[in-house]
Each structure stands twice: as structure tokens, then as C-alpha cells.
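Novice: this one's sequence-less:
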């Protein structure tokens, strides 16, 4: 069975050919299999967001190979990238990016509306199911301004899962929350992983949350410095 994603010698250069040219990813190799829950850590400027954007088909790599469910994505045009992004990937960001004029339910159905041009009864039922699964069964008709920060992030998690992606990319999903809300949101991520078999790659600066993932990938200066099961990584980390 092919890997869910497989990166081989991936490089990313900005401003190629200009005096300000800078290579930020230096020949990365990374494999993610179905059902994994990975913490991506590293200092600011290490290339984490760039790597996540490449995996998420939001940026193109400069060179190398990226296979998504066995398909090489480098040759895809913009329409092909958009289609794979919509069908295979979900996103949760530090800021939830909910639309303030719409209810929680309407926000969760938004990807279906954008993909299919309308919200089908099936999509609405799926959104209701997901909101109930993240503990928001009684808040479906509330707008974002009526919800706490943790509740808004749980809406964002439901939205990321409504199209049944194979992989969810979460970029500092708890970075804008207090400790209690961070724990609440992380519990929901792990629950969705356990119940639905979705793979997760979670960028975090919080060592408490990283320790609760299954695998740790550490990026330093655009290179993977560590890639280990969490139990080994945490036990050996004396820094």
C-alpha cells in the first residue's frame, strides 16, 4: 500500500535567481501513513509553515517528489491541485477563520457549498453529526461571536472534517487559546483521529501537546533533525 504522503528530496527556494534568493527547505524526506498522528515541531523560521503549505498543496515545491496517495502532484495544474486539496485534505489554523455572519452549522457546511455549489441534505446531516461529535450539538445555530475561543476551534475542526479528508493539517490549532481551551481542542483532535481514522500533522510549539501525539518530527533550519515515536523522542530529549 502506498504512503498517504511521501516527500523525497523536497526543496523550496524563494526569490530564485535574485540577490535575495533563499532556500528554506533542503532536500526533505518524509513519509506519512494512513492513521498517523504526528507532531511537527521546531523553532520559528525552521520551515514548518512552508512544509505544511507544500503538503497542503498551497505552495509548490521548487524541486523533488511529492506523492499524495501514490500520485505525483508536481505535474498537476492549479485545477488539479485544488481538486485534490478539496477532496483529500482538511485544514485547521491558529485562527479559526469562521465567517461571523453565519451560524456554526453554516460555517461547517461551507466546504460542501464551495465544492458542490450547494449544501445537500447529506452534507448538512454530516455537519450536524460532526458538530455533535465535538460537543456542540446545542450550539449549531449560534454565530461565532456567541461562542468561546475553544468552541470556535471545535467548529473549525468539524469544518475540516466535513468532506471526509484523508489528512488534516493543523497549524498551531491551540496557539491562540488558554491552557484549558487548548486541552479541550486537542482532546477533540485525538477523538476525531481515533474514531474516524483520519491522519493528522499538527504543528505546535507546546511541548505538552507534542508529547500527546504518536510521532515527533523536528525541523531545524529547513532539515529534519529528528523523526521518532513520541515515547522515544520525549525520553531522549534533555534539552
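Specialist: Yep, it's here. Everything numeric in this text was worked out from a predicted model, so none of it was measured. Residues are numbered from 1 along each chain as shown.
Novice: drop to CA atoms for contacts and neighbour counts, all remaining ones
Specialist: Will do.
Novice: give me the mean pLDDT for the lengthiest helix in the chain.
Specialist: Criterion DSSP state H: the longest helix present in the chain is helix 179-196. Mean per-residue pLDDT for helix 179-196: 83.
Novice: same check on stretch 201-215?
Specialist: Stretch 201-215 comes out at a mean pLDDT of 90.
Novice: pull out the buried positions in that stretch.
Specialist: Within stretch 201-215, the residues scored as buried using 16 or more other Cα atoms under 10 Å are 201, 202, 203, 204, 205, 209, 210, 211, 212, 213, 215.
Novice: could you give the bridge partners of the residue positioned nearest the centre of the chain?
Specialist: The residue lying closest to the centre of the chain (Cα atoms, centre = their mean) is residue 169, at 0.9 Å. Counting by DSSP bridges, residue 169 is bridged to residue 91, residue 201.
Novice: do the same with residue 66
Specialist: Assessed by DSSP bridges, residue 66 has beta-bridge partners residue 7.
Novice: so residue 33 touches residue 3, yeah?
Specialist: Yes. Assessed by Cα atoms under 8 Å, residue 33 is found in contact with residue 3 at 5.0 Å.
Novice: for residue 29, what are its contacts?
Specialist: By Cα atoms under 8 Å, 6 or more residues apart in numbering, the contact set of residue 29 is 6, 7, 8, 9, 10, 224.
Novice: switch to 7 Å and redo it
Specialist: For residue 29, the contact set (Cα atoms under 7 Å, 6 or more residues apart in numbering) comprises 7, 8, 9, 10.
Novice: ok, residue 160 next?
Specialist: Residues in contact with residue 160 (Cα under 7 Å, 6+ apart) are 90, 91, 92.
Novice: returning to what we had before: show the buried residues in the contacts of residue 29.
Specialist: Counted by 16+ other Cα under 10 Å, those give 7, 10 as buried.
Novice: pipe the contacts of residue 29 into JSON lines and attach distance to residue 107 per row.
Specialist: Formatted as JSON lines, the contacts of residue 29 follow (distance: Cα to Cα, whole Å):
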{"residue": "7", "distance to residue 107": "32"}
{"residue": "8", "distance to residue 107": "36"}
{"residue": "9", "distance to residue 107": "38"}
{"residue": "10", "distance to residue 107": "34"}
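Novice: what is the burial count for residue 170?
Specialist: 23 (other Cα atoms under 10 Å).
Novice: okay, strands next: where are they in the protein?
Specialist: All strands of the chain, identified by DSSP state E, fall at 5-14, 22-32, 37-41, 63-68, 71-72, 89-93, 167-171, 199-203, 215-220, 223-229.
Novice: could you give the mean pLDDT of the longest one?
Specialist: Predicted confidence along strand 22-32 averages 94 (mean pLDDT).
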